[in-house]
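**Q** Sharing a model prediction with you, sequence too.
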Amino acid sequence: MDQAETVRTPSSWVVVGLDNGGTCNNATVLDATGQFLVNNLVENPSRVLDGPESAVEALADAFANILELTSTPLSLVRAVGLDTPGPASAHGVISSKGATNFNQVSWHGFDIRGALETRLGMPVVYNNDGNAAALYAHHQHFGADAAAHSSVAAIVGTGLGGGVVEAGQVVRGAAGMAGELGHVQIPLHGVLEDGQPVPQCNCGFAGDVESIASLTGIRNNLLPYWLTRFPDHPLASEPIATAAKALRGYGEKEDALAIAVFGQQAKAIGKLFTIAANFTDPSAYFLGGGVVEAAPHFRQWFLNTVRENTDLRDEQKAVATFALVPDRDMAGARGAAVAALKTVGG
Ligand SMILES: [Zn+2]
C-alpha cells in the first residue's frame, strides 16, 4: 500500500499516540477534530531489551518519525499518549518486580511515562495496553456519545488484557490495578469437562480468566488436557508452544479439538462478562486480540459463543451490544492518543 494514500496532514493541533511493545513501537497522530492522520500501522523498533535508556530514545525516534511522515510541525503537538504492557502503576511506573517485556533490573520501578515526558518536553499521558485498547474500542463504537456509555473489553493475547470504561473514562482504581480482567476468578462449572484439571495462571491464581482465555492458557492448561482426549491429533507430535500457536488455524477449519479449546475460552469470557454485568452493567462488551484477525466465520462463532454464555437479564439484553475491538494492531496507539486528547481538551 502506498503510504502517501493513507496519511493526511493536520488541520488543527494534534496529539501523538505511542504504543510500546516487546519488539516494536506503533505510532499515530490524532487531530483536535478526532481524525487519525494515519490509516495504517507505522512501526519502529522498541529496543526494550536494551534497557530503559535505549527504549526511551526509541520512543522519541517513533515520535519524530510519525511527525515527519504526517508533515506535522512539532509546535502543533499538545501532548503524547503512551501505552505499554503491564503491570505498571496508573502513572506509568513499571512494576517493582519487573514485567514480561521489562525483565532487566534497570526496568524495575522505572517511570517510563516521566522519562518520556522529560525527553520530549511535553505532557505524556499513560495507560497500560489493555486499557488503551478498551478506550479505543469504546470511543470508536460510541463516537460522540462515548461519555454517555460504559463498556468492558477483553483482549485475548499471550495473556488476557482489557479494561473497564465508565462514562467514557478508563476505571483505574486506587492502586492503578482496576480492569485486570485476566485475573478475575470465574465459576468453572459448565466451562471445564468432568475430570479436567483446574487451569493455573502465572499470577498464582487457579481458575482465573487468563488461565483459560489466553495463548498461555492454551499452552499450559487447555491443550495438554485436550490432547489426552485427541491423542491422534496432528498437533500431538508438535512441541506444545508450536502447537498452541497453530491451534487457531485448526479452529478456522472447524477441527474438533480446536473447537473444544476455543469453546472453553469463549465460555470463560462469557462468565467474566456475566460478572461485569452485575458490577457495572455496561452498554457494550468488546472482544479483541488475535481472534479479530481470524476468518470471519470463526470469529463470529467465537463472539456468538461468548454472548450465549453471558447471562444477562432481559432488561440488559435489550440494551447491551457485543462487538469486536476494531483495528487490532493499531488499537493501543489509537487508544493512547484518545486518552491524551481527552486530557488536553478534546
Ligand atoms: Zn491470573
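**A** Nice, I can see it.
**Q** burial count for the closest residue in space to residue 16 that isn't next to it in sequence?
**A** Excluding the flanking residues, the one nearest residue 16 by Cβ to Cβ, 6 or more residues apart in numbering is residue 80, at 4.9 Å. Backbone N, C-alpha and C define where each C-beta goes, glycine included. By the measure other Cβ atoms under 10 Å, the count of residues near residue 80 is 24.
**Q** hang on, residue 80 packs against residue 63?
**A** Yes - applying Cβ atoms under 8 Å, one finds residue 80 in contact with residue 63, separated by 6.7 Å.
**Q** Give me the common contacts of those two.
**A** Residues touching both residue 80 and residue 63 (Cβ atoms under 8 Å, 6 or more residues apart in numbering) are 16, 18, 120.
**Q** would TSV of those with neighbour count, pLDDT and distance to residue 106 be doable?
**A** Shown next, in TSV, are those (neighbours: other Cβ atoms under 10 Å; pLDDT from 0 to 100; distance: Cβ to Cβ, whole Å):
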residue	neighbour count	pLDDT	distance to residue 106
16	28	98	26
18	29	98	20
120	21	98	20
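**Q** In the helix or strand hosting residue 261, which residues are buried?
**A** Secondary structure assignment for residue 261, by DSSP states H and E: helix 256-279. For helix 256-279, a neighbour-count test (16 or more other Cβ atoms under 10 Å) marks 257-277 as buried.
**Q** Please, where are all the helices along the protein?
**A** Here the chain has its helices, by DSSP state H, at 52-69, 112-120, 129-142, 215-217, 223-229, 240-252, 256-279, 296-308, 314-317, 331-343.
**Q** To the ion, which of those lies closest?
**A** The closest of the helices of the chain to the ion is helix 215-217. By Cβ to the ion, the value is 9.3 Å.
**Q** Show residues contacting that closest one.
**A** With Cβ under 8 Å, 6+ apart as the test, helix 215-217 has contacts from 156-160, 199, 201-202, 210-211, 244-245, 265, 290.
**Q** average pLDDT for it?
**A** Per-residue pLDDT over helix 215-217 has a mean of 95.
**Q** The chain should start at 48 in everything you say after this.
**A** Right, with 48 as the first residue, what we last looked at is helix 262-264.
**Q** neighbours of residue 379, just the number please.
**A** Neighbours of residue 379 under the rule other Cβ under 10 Å: 34.
**Q** I'd like the distance between it and residue 236.
**A** Distance of residue 379 to residue 236, computed by Cβ to Cβ, to the nearest Å: 34 Å.
**Q** same thing with residue 275?
**A** When distance is defined by Cβ to Cβ, residue 275 is 21 Å away from residue 236.
**Q** More neighbours: which of these two?
**A** Taking neighbours as other Cβ under 10 Å, residue 275 and residue 236 compare with residue 275 leading, 11 against 7.
**Q** In contact with the more buried one: list those residues for me.
**A** So residue 275 contacts nothing (Cβ under 8 Å, 6+ apart).
**Q** and it, what pLDDT?
**A** We have a pLDDT of 97 for residue 275.
**Q** my guess is residue 354 meets residue 369, correct?
**A** Yes - counting by Cβ under 8 Å, residue 369 is a contact partner of residue 354 at 4.8 Å.
**Q** Just give me the residues shared between the contact sets of the two.
**A** residue 332.
**Q** Tell me which of the two has more neighbours.
**A** residue 354 (19 against 15).
**Q** and that one, what does it touch?
**A** Residue 354 makes contact with 317, 332, 369, according to Cβ under 8 Å, 6+ apart.
**Q** If we use 10 Å, what do you get?
**A** Listed by Cβ atoms under 10 Å, 6 or more residues apart in numbering, the contact set of residue 354 reads 313, 316-317, 320, 332, 334, 364, 367-369.
**Q** Name the nearest residue to residue 194, sequence neighbours excluded.
**A** Per Cβ to Cβ, 6+ apart, closest to residue 194 is residue 215, 3.9 Å.
**Q** what about the residue in the stretch 48-197 of the chain that the ion sits nearest to, distance to residue 149?
**A** Nearest to the ion, among the residues of the stretch 48-197 of the chain, is residue 134, at 11.2 Å (Cβ to the ion). Per Cβ to Cβ, residue 134 is found 10 Å from residue 149.
**Q** Name the residues contacting each of the two.
**A** Shared contacts of residue 134 and residue 149 (Cβ under 10 Å, 6+ apart): 141-142.
**Q** Between those two, tell me which one has more neighbours.
**A** A count of neighbours by other Cβ under 10 Å puts residue 149 above the other of residue 134 and residue 149, at 27 against 18.
**Q** residues touching the more buried one, list them.
**A** Per Cβ under 10 Å, 6+ apart, neighbours of residue 149: 67, 69, 95-96, 98-99, 102, 131-135, 141-142, 155, 157, 159.
**Q** Kindly recompute the last result at 7 Å.
**A** 95, 141 (Cβ atoms under 7 Å, 6 or more residues apart in numbering).
**Q** same check, this time on residue 370
**A** 188, 331, 333.
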